[in-house]
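Engineer: For reference, the sequence and a predicted model appear below.
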Amino acid sequence: SQTIHQWPATLVQPVGSPLSLECTVEGTSNPNLYWYRQAAGRGLQLLFYSVGIGQISSEVPQNLSASRPQDRQFILSSKKLLLSDSGFYLCACNQAGVDGYTFGSGTRLTVV
Amino acid sequence: GDSVTQMEGPVTLSEEAFLTINCTYTATGYPSLFWYVQYPGEGLQLLLKATKADDKGSNKGFEATYRKETTSFHLEKGSVQVSDSAVYFCALPLDSGGGADGLTFGKGTHLIIQP
């Protein structure tokens, strides 16, 4: 079965600082990968998805970017964080055409 | 596009009470439907799913029936426990195309069970 490793679990960063959140997947190959954000008082929002190495699609315009340098590695980045980037970030994966999704344990980011 | 609407909480119940969390959806066709649960400090876990109309998903005493007539997928449990306290999300596959299906989620329902 698929397992997602996501770190760090919590992060406090000052406004204007860079960000790099990493997500790695075990137990599968060529997965679809996703980054979601859960902002305070709001639901889950899909930020990026990737169907393969170097292939990134963005669902919403924002201050963040994503990269997939390896098949089972998905990175969420920002050059300069904003207060509005605070939230709970979740990495997820699934196989194309398969209903089941696996989620990581999340990173709680607080921008101060 | 496809969307999910679920009752917003918090919902506070006493232990052993009956639980219903409402979820309705708007979609073209008949997508799979999911309930995910997020325990405090953790990521999301799949609780149950149903892949076609009239299917009933069940897990850990929770049930939800895919009803196309009412476009609903309400979550129920006959007798809740304190350990059921969590945030529950109703979800369905995104209609985004491009070869990947993300999920679109409801806003989540925070359930609090008091002893």
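Structural biologist: It's in.

Engineer: so how far is chain B from the residue lying closest to A:Lys80 once chain neighbours are set aside?
Structural biologist: Spatial nearest neighbour of A:Lys80, excluding adjacent residues (C-beta to C-beta, 6 or more residues apart in numbering or on different chains): A:Gly16 at 5.0 Å. C-beta here means a position set from N, CA and C on the backbone, and glycine is covered the same way. With distances taken as C-beta to the nearest C-beta, to the nearest Å, A:Gly16 is found 28 Å from chain B.

Engineer: Now do B:Ser96, the pLDDT please.
Structural biologist: We have a pLDDT of 49 for B:Ser96.

Engineer: and the residue nearest to A:Lys80, backbone torsions?
Structural biologist: Backbone geometry at A:Gly16, expressed as degrees, to the nearest 10, gives phi 90, psi -10.

Engineer: doesn't A:Ser78 make contact with it?
Structural biologist: No - counting by C-beta atoms under 8 Å, A:Gly16 sits too far from A:Ser78 to count as a contact (10.0 Å).

Engineer: ok, now which ones touch residue 17?
Structural biologist: Reading this off chain A. Applying C-beta atoms under 8 Å, 6 or more residues apart in numbering or on different chains, one finds that A:Ser17 lies in contact with A:Lys80, A:Leu81.

Engineer: not quite, I wanted chain B
Structural biologist: Counting by C-beta under 8 Å, 6+ apart, B:Ala17 touches B:Ser79, B:Val80, B:Ile113.

Engineer: Mind telling me what element the last one is part of?
Structural biologist: Secondary structure from DSSP states H and E places B:Ile113 in strand B:109-114.

Engineer: Packing partners of that strand?
Structural biologist: The contact analysis (3 or more C-beta pairs under 8 Å, 6 or more residues apart in numbering or on different chains; DSSP states H and E) places strand B:109-114 against strand B:11-14, strand B:19-21, strand B:86-93.

Engineer: Kindly compare burial across those and name the winner.
Structural biologist: Comparing the helices and strands packed on strand B:109-114 by mean neighbour count (mean count of other C-beta atoms under 10 Å in any protein chain shown), strand B:86-93 comes out on top with a mean of 24.

Engineer: So which bits of chain A are right by chain B?
Structural biologist: When proximity is defined as C-beta under 8 Å from any C-beta of the partner chain, chain A approaches chain B at A:4, A:6, A:32, A:34, A:36, A:38, A:42-44, A:46, A:49-51, A:57, A:59, A:90, A:92, A:94, A:96, A:99-101, A:103-106.

Engineer: Just the buried subset of the residues you listed, please.
Structural biologist: Taking 16 or more other C-beta atoms under 10 Å in any protein chain shown as the criterion, what is buried in the residues of chain A next to chain B is A:4, A:6, A:32, A:34, A:36, A:38, A:43-44, A:46, A:49-51, A:57, A:59, A:90, A:92, A:94, A:99, A:101, A:103-106.
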